[in-house]
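Engineer: A structural model of the following input is requested.
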Amino acid sequence: MARFESDDDIRRLAAALARLRQAAGLSQAEAGRRAGMTSQGWSAYESGRRAGLFRPDVQRRLTTALGVDPETLALEAASSPNGVATSSASPGGVEGRGRDWSGVEPSDMHRLTLADDRLAPWAGRGVVLEYRFGVEPRAGQGLVAVLSDGEQVVGIVQHMRDTEIAIRPSTTVSEDRLLQRADIVRLGAVTARIDK
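Structural biologist: I've put the predicted structure just below:
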């Protein structure tokens, strides 16, 4: 694992953590809850104000909350020498180098405004979901899928398998919906949630 020692290293690591959280489509409050801390505690790590960001156990706790590993955090921090993403992609989207974004065209980025509160508290009425087709979502992340019958499905990934994806289509529904991969024409991951 890479070592980070200087103030610049702290800024790079903190900025990388923020980018990975955004790529996962999580707010600071949600990421903090997953890591067992407050949104203020998470924010302190992202701003580099909280001690311990170099510790492997802290990195594992933070990255596990985002669905990645500490090596992904180290690679993301190393990929942007000034703490700023080095991607040449459009500033309208969020990219994380911990995932394979290569080959995803800017035209594959789409937006969808939620008309109801089915996904609350993850995302409620009026929230704009930004998603990219061609990017495989992870457990806990938002998903947009277009099925062979034309239905567009939006939900939160519960688990993914080779032949199926279980999503929670609504916070009021207690059972997961199983999407068969063979029925999915296009699949995209929610990369950002934008509150109006």
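Engineer: Do a quick rundown of the strands in the protein.
Structural biologist: 109-113, 128-133, 142-147, 152-160, 164-168, 177-180, 184-194 (DSSP state E).
Engineer: Give me the packing partners of the fourth one, helices and strands only.
Structural biologist: The elements that strand 152-160 packs onto, with contact taken as 3 or more C-beta pairs under 8 Å, 6 or more residues apart in numbering; DSSP states H and E, are strand 142-147, strand 164-168, strand 177-180. Where C-beta positions appear, they are placed from N, C-alpha and C, glycine not excepted.
Engineer: Format these as a markdown table; extra columns: mean neighbour count, mean pLDDT and distance to residue 47.
Structural biologist: Putting the helices and strands packed on strand 152-160 into a markdown table (neighbours: other C-beta atoms under 10 Å; pLDDT from 0 to 100; distance: least, C-beta to C-beta, whole Å) gives the following:
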| stretch | mean neighbour count | mean pLDDT | distance to residue 47 |
| --- | --- | --- | --- |
| strand 142-147 | 21 | 91 | 25 |
| strand 164-168 | 20 | 92 | 32 |
| strand 177-180 | 15 | 92 | 38 |
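Engineer: Let me know which of these is the nearest to residue 78.
Structural biologist: strand 142-147 (27.7 Å; C-beta to C-beta).
Engineer: What is the burial count for residue 56?
Structural biologist: Neighbour count for residue 56, taken as other C-beta atoms under 10 Å: 9.
Engineer: Next, work out how far apart it and residue 43 are.
Structural biologist: Applying C-beta to C-beta, to the nearest Å, the value for residue 56 to residue 43 is 22 Å.
Engineer: Quick check: phi and psi at the nearest residue to residue 116 once chain neighbours are set aside.
Structural biologist: Leaving aside its sequence neighbours, residue 116 sits nearest to residue 125 (C-beta to C-beta, 6 or more residues apart in numbering; 5.6 Å). With angles defined as degrees, to the nearest 10, residue 125 sits at phi -50, psi 130.
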